[in-house]
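Colleague: Any chance you could fold what I've pasted below:
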Amino acid sequence: PHSPMHVRSLAEVEEKVEGGYVSEIIVSVKETRLTNLIANCLIFLSLLMIPEPLEYIPIPALYGILLFISVSSLGEFQLWERILLLITEQNQYPPNYYIKKVPQKAIHLFTGLQILQIAFLCGLSFSGFSYLKCLFPFVIISLIPIRKFLLPKVISETHLEALDGSH
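Modeller: Next up is the predicted model:
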């Protein structure tokens, strides 16, 4: 998924607020194929580093890089935005699509259910029992029927459609 992020970083984007909706308009894109080619060549060359040179990189340094990448990309996720809404005054909410279409209670309930699912997945993957870690793919697959059949019983389908998509 590095290529879509790379193309997005080359785009010049303007945000417009019309009628309470925030929309992004791509004004121009600095087209270059050279950086994509170089990035893909470097990814290929990194395969040659397995296992010898990678042994010299300290594990805490790798964890630090991954932590930095994850924290720096938090602002792009709607879940993080909705978590911040939990501690934000309602009159301070940003003019996003789903905030105009979905009541506050449904937004917070949906966010809470997603946090519970993530906490369950983290507990499963960080558990000390290796047989529980084998269940991780099955739990991920079970999120589909949970979304399709269980969540509509708690939150209306129109609200779920507004919360699911990034309009």
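Colleague: Start and end of stretch 80-91, how far apart?
Modeller: With Cα to Cα, to the nearest Å as the measure, stretch 80-91 spans 19 Å from end to end.
Colleague: Show me what counts as buried in that stretch.
Modeller: Glu81, Arg82, Ile83, Leu85 (16 or more other Cβ atoms under 10 Å). (Glycine included, C-beta is placed from N, CA and C.)
Colleague: Tell me the confidence at the first one?
Modeller: Here, the pLDDT recorded for Glu81 equals 87.
Colleague: mind listing what Pro152 touches?
Modeller: With contacts defined as Cβ atoms under 8 Å, 6 or more residues apart in numbering, the neighbours of Pro152 are Leu160.
Colleague: any idea how far Phe110 is from it?
Modeller: Going from Pro152 to Phe110 by Cβ to Cβ, to the nearest Å gives 12 Å.
Colleague: try Gly19
Modeller: With distances defined as Cβ to Cβ, the gap from Gly19 to Phe110 amounts to 23 Å.
Colleague: Compare the two and say which one has the larger neighbour count.
Modeller: The neighbour count for Gly19 versus Phe110, taken as other Cβ atoms under 10 Å, is higher for Phe110 (22 against 7).
Colleague: Show me where the protein has its helices.
Modeller: Chain-ordered helices for the chain, with DSSP state H as the definition, fall at 2-10, 34-47, 59-72, 78-85, 97-101, 104-125, 130-133, 136-145, 151-154, 157-164.
Colleague: one step back: quick one: common contacting residues for Pro152 and Phe110?
Modeller: Counting by Cβ under 8 Å, 6+ apart, the common neighbours of Pro152 and Phe110 are Leu160.
Colleague: List just the nearest of the buried residues of stretch 80-91 to Ile115.
Modeller: Comparing the buried residues of stretch 80-91 against Ile115 with Cβ to Cβ picks out Ile83 as the nearest, at 7.3 Å.
Colleague: Can you find the helix or strand of the chain with the lowest average pLDDT?
Modeller: Lowest by mean pLDDT, DSSP states H and E among the helices and strands of the chain is helix 2-10, with a mean of 72.
Colleague: Any idea how many residues pack against Leu34?
Modeller: Neighbour count of Leu34, defined by other Cβ under 10 Å: 7.
Colleague: picking up where we left off before, how about the buried residues of stretch 80-91 in CSV, adding distance to Leu48?
Modeller: As requested, those are exported to CSV (distance: Cβ to Cβ, whole Å):
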residue, distance to Leu48
Glu81, 40
Arg82, 42
Ile83, 40
Leu85, 46
